[in-house]
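Student: What follows is a protein structure lacking sequence information:
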């Protein structure tokens, strides 16, 4: 590249300059960057750094103009001049850029940050785009491998979509309803019910939202069928029905109307032959024959959460109770072998959580873990489970339908949320509000 200051170039050429390389991890890949040491400062090849960051470089008689790959930032630099412009604002280098042996060298930190990137000196990491700041929660995966997360501390709704490269993200949606969506099995679509009860579909590639049908009854616990042609849900002001809607016609069909209220945590088997759900059984009011206020009592002896299973194939089938214990039941899942797994928690908090399995024969058993389970989710190959060990570490396991268990990730940090991609190959974690991507046992930080 040409230089705009030949006198400076000649002076640098004749001075004692030490050439070398320094390895930085750029967007997740180790790269040996060309450097020179001048007057005790290490400067980096402008063209090489710009290329690794995906920035565009223009050379003219007045110097260099660099633009980041998203077209958000512009830097104007002159060789030999400490002053430079970032988006039209004057800045100062500690050491002026120099031309040496056919290359221009600049300060790494100021070049990276001027282009909107981030430099993490403690881990020798350079990112093309700075990590977003804030607290994140409510994680969902899309078919292109991207992660959608809610920036929970934003003044208005901000759903950000993250790629597998740290710092590479974009605003996906600002729709309040899209924060907590049900994702289709192919991870191409999300579904949610707005404040009127109207079902909406959101394209997980581009964020476009479209209505589904015209029904405005209350709908909760949305679940997609495996083939993506139907969405199942719990219906009614008191969560007393189970229904489905056709994506082709928008027609709603009631599957169960037994007047039992407080249904939740609906799950549908892959073959759509059965659904499983939880009923929150409340206390039973009792009174004397005169129904006086003083005689009114409430019996809570049978209050609690119970799992039910409904056969969708047999005509006029009635829900069958799967449990009778009064423990809290969380994260139920139907595995491909027909067994049902859920997390059991003592409502009084006197006993550790356990992971339980109900087989096709109705028999219940515990799934052994090296810690106390606190989250579980079904994936195409079985189950992904998070547990906290005695020393406070979080361990995430993959459990196949036949019970085989393997450790996916372990961290000493406190983890408040976990999400697994549909095939279980990727994990997303929230720790202290910070978002992490886990793949092949390695964690990449996506926010700060």
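Tutor: Good, I have the coordinates. None of these values were measured; they are calculated from a predicted model.
Student: any idea how far residue 240 is from residue 257?
Tutor: 7 Å (CB to CB, to the nearest Å). C-beta coordinates here come from the backbone N, C-alpha and C atoms, glycine included.
Student: Of these two, which one has the most company?
Tutor: residue 240 (17 against 12; other CB atoms under 10 Å).
Student: Let me see the confidence value for the more buried one.
Tutor: Looking at residue 240, its pLDDT stands at 96.
Student: ok, now residue 404?
Tutor: Note on residue 404: pLDDT of 86.
Student: Surely residue 50 is within a helix?
Tutor: Yes - judged by DSSP: H, G, I helix; E, B strand; the rest coil, residue 50 forms part of a helix.
Student: quick one: it and residue 57 touch, right?
Tutor: Yes - under the criterion of CB atoms under 8 Å, residue 50 makes contact with residue 57 at 5.0 Å.
Student: more crowded one of those two?
Tutor: Comparing residue 50 with residue 57 by other CB under 10 Å, the one with more neighbours is residue 50, at 21 against 16.
Student: Go ahead and flag the most central residue of the protein.
Tutor: Nearest to the mean C-alpha position of the chain, counting by CA atoms, centre = their mean, stands residue 139 at 3.2 Å.
Student: ok, how many other residues are close to the closest residue in space to that residue that isn't next to it in sequence?
Tutor: Spatial nearest neighbour of residue 139, excluding adjacent residues (CB to CB, 6 or more residues apart in numbering): residue 419 at 3.7 Å. By other CB under 10 Å, 20 other residues sit near residue 419.
Student: For residue 419, list the residues it contacts.
Tutor: By CB atoms under 8 Å, 6 or more residues apart in numbering, residue 419 lies in contact with 139, 140, 141, 147, 377, 427, 428.
Student: and the gap between the fourth one and residue 65?
Tutor: Counting by CB to CB, the gap between residue 147 and residue 65 amounts to 34 Å.
Student: which of the two has more neighbours?
Tutor: Set residue 147 next to residue 65 and count neighbours by other CB under 10 Å: residue 147 wins out with 23 against 15.
Student: residue ranges of the helices in the protein, please?
Tutor: Applying DSSP state H to the chain gives helices spanning 6-14, 46-53, 108-114.
Student: Which of these comes out lowest on mean pLDDT?
Tutor: When the helices of the chain are ranked by mean pLDDT, helix 6-14 comes last with a mean of 45.
Student: just for this structure, where's the confidence low?
Tutor: Filtered on pLDDT under 70, the chain yields the residue ranges 1-16, 283-303.
Student: can you list the domain ranges for it.
Tutor: Per automatic domain parsing, the structural domains of the chain span 6-127, 213-326.
Student: Out of these, flag the one nearest residue 163.
Tutor: domain 6-127 (10.1 Å; CB to CB).
Student: and the closest one, how far out from the chain's middle?
Tutor: Mean-position distance between domain 6-127 and its chain equals 34 Å (CA atoms, centre = their mean, to the nearest Å).
Student: JSON lines for the domains of the chain, including distance to residue 403?
Tutor: Below are the domains of the chain laid out as JSON lines (distance: least, CB to CB, whole Å):
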{"stretch": "domain 6-127", "distance to residue 403": "35"}
{"stretch": "domain 213-326", "distance to residue 403": "18"}
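Student: that older thread, overlap of the contact sets of residue 50 and residue 57?
Tutor: What both residue 50 and residue 57 touch, as defined by CB under 8 Å, 6+ apart, is the set residue 66.
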